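[1] okay, sequence plus prediction incoming.
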Amino acid sequence: MSKSMKPLYLGVNRYVAAVNPRTGEEQWRTRLPHTGSSVVTLLIHEAFIYAGHAGHVYCLEKRRGEIQWENDLPGMGFYPVMLALDSTGKRRPTPLYVGTSRYVAALNTQAGGEIWRTKLPHTGSAIVSLLPGKAYLFVGHTGYLYALDNRLGTILWENGLKGMGFHTVTTTMEDADGASAVGLAAGTRVEQQRRAAAAGGS
């Protein structure tokens, strides 16, 4: 494979592999050590590939697929793991966001250690979608949409999506960086109003 031809990476069952996108020739494959869900999610950042599988997160070196670290996300179950990176690129080390079952967490990309974790208040689907913004981390789970402070993991607001059912929620935004700052201010006002109303009724 030429130096300019970047590999195609794939995740399937318990495996992560690199394939030549021009010929389909396999360059390497790595078998992940734990069994579970057949879904393997992948994310590339700099010289590494991050893989989520069956309640575990792995960091693999891109050239040979060697596992650099593993986090078994203790207490979060053994469900599919969604992955996302901090969108600003300004924080070092860059946080790796993970979502699985009722949990969202931020991990250190360099060593895999947990920075924070948040348990979502409503039960349901194991799929937790993630959309990082400049100040927010938007989270979709079992018919609810949440906005979390991406530095602390604090839930700033939630929307129950009334009348839409209790299914997997996916999200997208045309300009997450620009819009999330506006969303943060709006969400903070909503939270302040909610707290004021609660205090007035007590």
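    In hand now; what should we look at? Numbering: from 1, shown residues only.

[2] what's the spacing between residue 72 and residue 57?
    The gap separating residue 72 from residue 57 is 8 Å, by C-beta to C-beta, to the nearest Å. (Glycine included, C-beta is placed from N, CA and C.)

[3] higher neighbour count, those two?
    Higher neighbour count among residue 72 and residue 57: residue 57, with 23 against 14, using other C-beta atoms under 10 Å.

[4] can you pull the contacts of that one?
    50, 51, 70, 71, 73, 81, 83, 96, 98, 107, 112 (C-beta atoms under 8 Å, 6 or more residues apart in numbering).

[5] give me the neighbour count for the third one.
    Okay, so that is residue 70. 16.

[6] and it, how far from residue 58?
    Plainly put, residue 70 is 5 Å away from residue 58 if you go by C-beta to C-beta.

[7] ok so residue 118 is a helix residue?
    No. Under DSSP: H, G, I helix; E, B strand; the rest coil, residue 118 falls outside any helix and is assigned strand.

[8] residue 47: neighbour count?
    Using other C-beta under 10 Å, residue 47 has 9 neighbouring residues.

[9] what about it, distance to residue 161?
    39 Å.

[10] in strands, which of the contacts of residue 57 fall?
    50, 51, 70, 71, 83, 96, 98, 107 (DSSP state E).

[11] ok, and the most crowded of these?
    Per-residue neighbour counts (other C-beta under 10 Å) across the ones in strands among the contacts of residue 57 peak at residue 98, which has 28 neighbours.

[12] so it sits against residue 109, correct?
    No. Checked against C-beta atoms under 8 Å, the pair residue 98 and residue 109 is beyond contact range at 11.2 Å.

[13] hey, what's in contact with both of these two?
    Overlap of the contact sets of residue 98 and residue 109 (by C-beta under 8 Å, 6+ apart) is empty.

[14] point out where this structure drops to low pLDDT.
    1-4, 87-89, 175-202 (pLDDT under 70).
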